[in-house]
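> have a look at this prediction, sequence included:
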Amino acid sequence: MNAKFVLLLVVVASAAAQRRPYAYRAPESSEESYESSEAKYNFNWAVSDDSSSNEFGHQEARDGDHTQGSYYVQLPDGRLQTVKYFVDGDSGYVAEVNYEGEARYPDSYESFESREYRPPRPVYG
């Protein structure tokens with residue numbers, strides 16, 4: 001048993017002694033230029049969940065320096081907010097925001113501070 005332990009100890013010590021220390025090297029330069037590669041993509045996604053009344057989505061297309069898109073979200077007050085935007089070169093982000101529908105609020109509105117805390121009722125399965 002002691003021979004096996006000594007042999008294992010010798011193998012571990014030998015492996016540790018052969019490790020080379022980490023040597024720092026300066027980063028290598030690359031001749032590759034990223035200016036010539038123009039960005040080009042197009043995507044679209046949407047979510048519609050009837051149980052929670054969540055509706056939102058986003059679409060965007062880009063070709064080089066020109067980007068255009070839109071996104072929408074169903075607000076808690078019942079309105080649909082739609083944002084259409086574009087970016088053309090160095091012009092910056094230009095957005096047009098629209099709302100569809102009329103805001104609806106509950107009849108009895110309580111402020112957040114006036115609500116009384118009640119612990120959740122236990123549910124037994």
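Thanks, I have the structure now.

> and the residue lying closest to Glu100 once chain neighbours are set aside, how far is that from Asn98?
Distance criterion CB to CB, 6 or more residues apart in numbering; nearest residue to Glu100, sequence neighbours excluded, is Leu80 at 4.3 Å. In this view, the C-beta of every residue, glycine as well, is placed from N, C-alpha and C. Taking CB to CB, to the nearest Å as the measure, Leu80 falls 9 Å from Asn98.

> likewise Tyr24?
56 Å.

> neighbour count winner among the two?
Neighbour comparison, Tyr24 and Asn98: the larger count goes to Asn98, with 12 against 4 (by other CB atoms under 10 Å).

> and that one, what's its pLDDT?
We have a pLDDT of 96 for Asn98.

> can you confirm Leu7 is in a strand?
No. Leu7 is assigned helix when assessed by DSSP: H, G, I helix; E, B strand; the rest coil, not a strand.

> now do the contacts for the residue nearest the centre of the chain.
Among the residues of the chain, the one closest to the centroid is His58, at 13.3 Å (CA atoms, centre = their mean). Going by CB atoms under 8 Å, 6 or more residues apart in numbering, His58 touches 43-46, 69-71.
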